[in-house]
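1. Sequence first, then the predicted structure:
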Amino acid sequence: MIRKIILLPIIFTITSCGLNEISEQPTDSPNIRERQIAFKVISGDIKELKDILENDKIIDKEKLKTTSTQLLKHANIPFEYFGENDKGGHSRPNIWTQNDTFIEERNKFIAAVENFNQDIQKEEIEKARTSFGNITTTCKSCHDLFKFKTN
Ligand code: HEC
């Protein structure tokens, strides 16, 4: 009798772990928070660049160059935190079922950031205004497909 009582919770634990795997329940992986922070850092770079390009009467080219280099460095970081066990957060589950499309969206975003950075480093400011718009288009495109709305 005593043995039965002890065994039951153990069996229950084992079966519920199995079920979680099959039904692909969202996890509470710490990587979710890591990627959210990394996206917020990118968002900060974007705001800084937007502010200079739209509001500054005299464009500080050096500041543009350093911020653009910073964005280039930050751009890949969130995508290191989308492993098999990192489902959840504001990420839609189709990131994992349509992963090829997600990777295409990521590549379009990285390419847009690289193009913008080239324009900035060459001090082609008017061209950079257009390539900056292309970056924000890729943010929205990926969010529409793969991120739950947060407001
Ligand atoms: C390839 C897809 C993809 C691209 C490109 C992308 N994002 Fe996201 N972003 C996501 C996903 C997915 C999340 C949700 C992360 C989570 O909570 O799991 C997210 C989350 C965020 C967040 C955190 C707040 C929230 O609503 O969860 C911010 C801020 C953000 N993105 C800004 C940006 C900006 C700015 C760009 C472009 C400069 C960008 N993202 C480009 C997919 C993308």
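-> Here it is on my side, so go on.
2. So for this structure, which residue is the most central one in space?
-> By Cα atoms, centre = their mean, the mean C-alpha position of the chain lies nearest to Pro78, the distance being 4.5 Å.
3. wait, that one sits on Lys40?
-> No - look at Pro78 against Lys40 with Cβ atoms under 8 Å: they stay out of range, at 9.5 Å. Using the backbone N, CA and C atoms, a C-beta is placed for each residue, glycine as well.
4. Residues in contact with the helix or strand containing Lys127: which ones?
-> According to DSSP states H and E, Lys127 maps onto helix 125-146. Helix 125-146 is contacted from outside by 46, 49-50, 53, 59, 61, 64, 91-92, 94-95, 101-102, 105-106, 108-109, 112-113, 115-116, 119-120, using Cβ atoms under 8 Å, 6 or more residues apart in numbering.
5. So which of those are in strands?
-> Among the contacts of helix 125-146, no member falls in strands (DSSP state E).
6. For PyMOL, what selects the buried ones among those residues?
-> In PyMOL syntax, the buried subset of the contacts of helix 125-146 is picked out as below (16 or more other Cβ atoms under 10 Å):
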select buried, resi 46+49+53+64+91+92+95+102+105+106+108+109+112+113+115+116+119+120
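7. which ones among the contacts of helix 125-146 come in contact with the ligand?
-> Of the residues in the contacts of helix 125-146, proximity to the ligand by Cβ under 6 Å from any ligand atom holds for Ile46, Ser91, Phe102, Glu105, Arg106, Phe109.
8. Alright, calling it a day.
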